[in-house]
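> Okay, structure incoming, though there's no sequence with it:
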């Protein structure tokens, strides 16, 4: 675990404790807030990743860049669920398209006879 030291505000040059989101002197935002990691929020992220795969990448990116271990874990799980969902969707679509193609070939063969 790394020890965080104080940082300098880029706006007013005052010293602020590391890990703070806003400068206590001028109010400048120093870093983005960490995304919420509540259980209900995690469930929403996982469901979006599973059922709406492209949109799951937005949440994955958001949680991966947060920096803390819990958020990164959520981001990695969201990416894995997005990849699994995409593979399953493509597999089902390929099966559906090939069955339609097969049916059309059978209809075409019946019409030729």
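Thanks, I have the structure now. None of the values given here were measured: they were computed from a predicted structure.

> Centre of the chain to the top helix by length along the chain, how far?
Looking across the chain with DSSP state H, the single longest helix is helix 69-112. Centroid displacement of helix 69-112 relative to its chain, using CA atoms, centre = their mean, to the nearest Å, is 20 Å.

> Secondary structure element holding the residue nearest in space to the middle of the chain?
Centre of the chain computed as the mean C-alpha position; nearest residue by CA atoms, centre = their mean is residue 60, 1.9 Å away. In this structure, residue 60 sits in helix 53-64 according to DSSP states H and E.

> Need the residues that contact that helix.
35, 45, 48-50, 71-72, 74-76, 78-79, 81-82, 85-86, 89 (CB atoms under 8 Å, 6 or more residues apart in numbering). From N, CA and C alone the C-beta is placed, and that goes for glycine too.

> in it, what's buried?
53, 56, 57, 59, 60, 62, 63, 64 (16 or more other CB atoms under 10 Å).

> Now do the lowest-mean-pLDDT helix or strand in the chain: which elements does it pack against?
In the chain, the helix or strand scored least confidently by mean pLDDT, DSSP states H and E is strand 7-8, which has a mean of 84. Under the contact criterion of 3 or more CB pairs under 8 Å, 6 or more residues apart in numbering; DSSP states H and E, strand 7-8 touches strand 15-16.
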